[in-house]
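Asker: Have a look at this prediction, sequence included:
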Amino acid sequence: MKRKEKSPRVDIYARITETIVTELEKGVRPWMKPWSAGRLEGRITRPLRHTGEPYTGINVLLLWSESLARGFEAPLWMTYRQAGQIGAQVRKGETGATVVYASRFTKTETDSRGDEVERDIPFLKTYTVFNCDQIDGLPEHFYHRPDKITDPISRIEHADRFFENTGAVIRHGGPRAFFAPASDHIQMPPFESFRDAESYVAVLCHEATHWTAPAHRVGRDLSRYHRDRSERAREELIAELGSCFLCADLGVVPELEPRPDHASYLQSWLRILKDDRRAIFQAAAHAQRAVTYLHGLQPAQLTEEQEAA
């Protein structure tokens, strides 16, 4: 019975990882595809549940990819049952998208000394959702598309306020962008050296994800970053995903072309994902925790403005 319960979880990890590996082998970073598809007339957002709550972690990548592949423009998704509960109907012949739900349960076991101990057991489930473009009879607001951007300057100002509210020390100078754990500061090249304001903010999103790593923030271990190529690649993958999530939240287009110092990680990411089918899930979860932490540093008023955007 245990074997039957375990194998579906492995299949989920393997199936999703294989899809991402296939894209990387083509030289495509799948988390960048929504922005590079030429549909930039409207703001890219995270996929949303039917309640308006954003999806998180690996589900962002799954639903971005599904929307791009099938030409969906509405950001909202729901299950067949949720559609029926509001009097709507998934169109006949439509196929849904797979999303995952990760949780854990506690099991009491007896250890080698005969003592009862509680052990947390993680599990992963899948369920199917449909995009609003596949559903008839929904109230009009469900079909809402992200508004076109008419004032890019205020959007950048909004991002500047976001980073100021984090309290991160951001210094400018030199040709490289990086986070320095020893001095706990973010180093950025001069603003004028970037192609445009969006490029500056997108790189800062990446470095701010690194900035969340110390133990007094979210607690990702960077002690082996400079000694272990695999650990460095894992952290850079987390920062790439964190940057994409944060760019979507702030309405900023990320750096579509990989920075020269990051392009070399492509083969390392492929090795990691092929060796560990859970690596992309773990990276997305770490990225989500980093972005959630950064949002948690914002004043309540700013958080409400972002949710309304």
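Answerer: Everything's here; your move.
Asker: so where's the stretch 1-150 of the chain uncertain?
Answerer: 1-11, 35-43, 144-150 (pLDDT under 70).
Asker: Quick one: the helices in it, in order.
Answerer: In the stretch 1-150 of the chain, the segments counted as helices under DSSP state H, counting those that start in this stretch are 2-25, 33-36, 58-70, 80-85.
Asker: Present those as CSV; the columns should include mean neighbour count and distance to Asp221.
Answerer: The C-beta positions use only the backbone N, C-alpha and C, and glycine is treated the same way. Output for the helices of the stretch 1-150 of the chain, formatted as CSV (neighbours: other C-beta atoms under 10 Å; distance: least, C-beta to C-beta, whole Å):
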stretch, mean neighbour count, distance to Asp221
helix 2-25, 14, 23
helix 33-36, 19, 30
helix 58-70, 20, 21
helix 80-85, 15, 39
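Asker: Out of those helices, which is closest to Ile156?
Answerer: Among the helices of the stretch 1-150 of the chain, the nearest to Ile156 by C-beta to C-beta is helix 33-36 (16.3 Å).
Asker: What distance do you get for Thr126 to Leu62?
Answerer: In this view, Thr126 and Leu62 are 10 Å apart by C-beta to C-beta, to the nearest Å.
Asker: Name the residues contacting each of the two.
Answerer: Thr98, Val99, Val100 (C-beta atoms under 8 Å, 6 or more residues apart in numbering).
Asker: Relative to Tyr225, which of the helices of the stretch 1-150 of the chain is closest?
Answerer: Short answer: helix 2-25, nearest of the helices of the stretch 1-150 of the chain by C-beta to C-beta, at 21.4 Å.
Asker: related to what we said a few turns ago, so how do I select the buried members of the shared contacts of Thr126 and Leu62 in PyMOL?
Answerer: Of the shared contacts of Thr126 and Leu62, the buried ones go into a single PyMOL selection, burial set by 16 or more other C-beta atoms under 10 Å:
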select buried, resi 99+100
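Asker: ok, of the shared contacts of Thr126 and Leu62, which one's closest to Leu76?
Answerer: Val99 (13.1 Å).
Asker: what sits against the closest one?
Answerer: Per C-beta under 8 Å, 6+ apart, neighbours of Val99: Tyr55, Asn59, Leu62, Leu63, Trp77, Thr126, Tyr127, Thr128, Val129.
Asker: Provide a list of residues in contact with the nearest residue to it once chain neighbours are set aside.
Answerer: Distance criterion C-beta to C-beta, 6 or more residues apart in numbering; nearest residue to Val99, sequence neighbours excluded, is Asn59 at 4.7 Å. By C-beta under 8 Å, 6+ apart, the residues touching Asn59 are Pro47, Val99, Val100.
Asker: Identify the bridge partners of the last one.
Answerer: With DSSP bridges as the criterion, Val100 is bridged to Thr126.
Asker: what's the closest of the contacts of Asn59 to Gly167?
Answerer: Distances from Gly167 to the contacts of Asn59, taken by C-beta to C-beta, are shortest for Pro47, at 29.9 Å.
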